[in-house]
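give me coordinates for this.
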Amino acid sequence: MNYLRQATASLTVFATASLRELRSLARPGPRMVDEFECVISVLLAIIFAHILGAKNVGWAAFSGYMVMRSHVSESLTRGILRIIGTSAGAGAALALAPLVIGTPFLLSLSLVIIGGVTLYFALVGKRSYAWLFTGLTFCMVLIDGMKHPSESVLPFAQSRLVEILAGTLACILVSAVSTFTIRRRLPRQSRETPAQTAIRHSVVWHRGAAKHALQAAVALGLIPWIWLWTGITSLSQSSITIMAVMMIPVSSLAASVLNPITSRLVLRFVGCSVGGLIATIILLGSHHSPVLMTLGVCIGVLVGRHIENSNSSISYIGTQFVLAFLVVLVPDTYTSAALEPGIDRLAGILFGVVILEPVLLASHYLLRDHTPRNDGPDIKQPSSNE
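From the prediction side, this is the model:
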């Protein structure tokens, strides 16, 4: 009931704040430039994904959205880390797949170890974005492979890499053009944020981060068993929710691990639900017209990025809104656009909430401390989701 109350309250705040933010949608400035950069990057990523033969074009579009930053150097760094992490995760999954797929215990153990270790270093490491995508890709490839134990996971791993490459290449091109044209006339922002400065002082061991990563690892380890019991086919997307939601500033873990994560779960659920619903309405209303669907993508990305840039309590919802919106609305092929694949992926993302929340509740009561500890310096992370 508490989760439902939080979801209802978040939805109300989201609706109110969104209406308020939309009034400033047409206001010129750096914020508007960033939003149109994202729109162009997403459209270009979709084109590249089709040219390269990506299977999940919506994920390529989301990569084109997430990599975008205010300067090409920042976009390039973020894109390279995303590619390195994806390549490492796919390589590790390809190496372990023949040994663990088909044996639920070994598969679960692999997800626990690799997922937990990569998330820990994503929390405390200086290359957190690469660590995050190493774990994300590893989990997605192995979990997808468990559904077809007699088949190779190579095609799915290749598709993930192609999607990341398409989105990253599109983003860097758009960011480079914008940096040396429009953004040259805008006030230059600081090269290093306070969060990035804090990362330079990261520590090797942080007890709170280790406990936090363990919770995520347990949730990831449950996925093979849940698949055996339920047969849900979209569980590879659930690993995205588990790792992305657990990627929070280490300073937030000092007091309680439950409240900040539950809040992010609620915000993710609300953002994805609203984005998926609106995308579904547009897809059905457009009668699968490529022109109308593309126009819908432009509007959705523009609005979602505007909300994300609001620096308010609903900014995280903006990111999740765009995630679900693109996953549902962007078809893998425009010649036979269908609603079912996007809805299936969205269901897997939302099902991650169902897996993670009970683990958080159980660990909160079983592992909570009664005396405060000094774990060393706090480490703040910049926002980095799938």
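
buried residues in stretch 104-114, which are they?
Leu107, Ser108, Ser110, Leu111, Val112, Ile114 (16 or more other Cβ atoms under 10 Å). C-beta here means a position set from N, CA and C on the backbone, and glycine is covered the same way.

format these as a markdown table; extra columns: pLDDT, secondary structure and distance to Phe48.
Shown next, in a markdown table, are these (pLDDT from 0 to 100; DSSP: H, G, I helix; E, B strand; the rest coil; distance: Cβ to Cβ, whole Å):
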| residue | pLDDT | secondary structure | distance to Phe48 |
| --- | --- | --- | --- |
| Leu107 | 96 | helix | 33 |
| Ser108 | 96 | helix | 36 |
| Ser110 | 97 | helix | 32 |
| Leu111 | 96 | helix | 31 |
| Val112 | 97 | helix | 35 |
| Ile114 | 96 | helix | 29 |
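
switch these over to CSV; also include distance to Ile101.
Listed next are the buried residues of stretch 104-114 as CSV, based on distance: Cβ to Cβ, whole Å:
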residue, distance to Ile101
Leu107, 6
Ser108, 11
Ser110, 9
Leu111, 11
Val112, 15
Ile114, 14
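
and Lys55, how far from Tyr65?
19 Å (Cβ to Cβ, to the nearest Å).

tell me which of these two has more neighbours.
Higher neighbour count among Lys55 and Tyr65: Tyr65, with 26 against 17, using other Cβ atoms under 10 Å.

please name the nearest non-neighbouring residue to Ser75.
Distances taken as Cβ to Cβ, 6 or more residues apart in numbering place Ser175 nearest to Ser75, at 3.9 Å, with adjacent residues excluded.

ok, that neighbour - contacts?
Glu37, Ser41, Met68, Arg69, His71, Val72, Ser75, Leu76 (Cβ atoms under 8 Å, 6 or more residues apart in numbering).

ok, Asp332 next?
Asp332 touches Ala54, Lys55, Asn56, Val57, Gly58, Pro341, counting by Cβ under 8 Å, 6+ apart.

mind checking which of the residues you listed land in helices?
Counting by DSSP state H, the contacts of Asp332 place Val57, Gly58, Pro341 in helices.

out of those, flag the one nearest to Leu222.
Relative to Leu222, the closest of the ones in helices among the contacts of Asp332 is Pro341; by Cβ to Cβ it sits at 24.7 Å.

what's His206 sitting at in phi/psi?
phi -140, psi 110 (degrees, to the nearest 10).

what of Arg27?
According to degrees, to the nearest 10, Arg27 has phi -80, psi 120.

name the residues of the helix or strand encompassing Cys298 that are buried.
For Cys298, the element it lies in under DSSP states H and E is helix 290-308. Buried residues in helix 290-308, counted by 16+ other Cβ under 10 Å: 293-294, 296-298, 300-308.

same check on stretch 131-149?
131-147.

sorry, back to before: make a markdown table out of the buried residues of helix 290-308 and add pLDDT and distance to Leu366.
Formatted as a markdown table, the buried residues of helix 290-308 follow (pLDDT from 0 to 100; distance: Cβ to Cβ, whole Å):
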| residue | pLDDT | distance to Leu366 |
| --- | --- | --- |
| Met293 | 93 | 47 |
| Thr294 | 94 | 50 |
| Gly296 | 95 | 46 |
| Val297 | 96 | 44 |
| Cys298 | 96 | 48 |
| Gly300 | 94 | 41 |
| Val301 | 96 | 42 |
| Leu302 | 94 | 45 |
| Val303 | 91 | 41 |
| Gly304 | 92 | 37 |
| Arg305 | 93 | 40 |
| His306 | 91 | 41 |
| Ile307 | 88 | 37 |
| Glu308 | 90 | 35 |
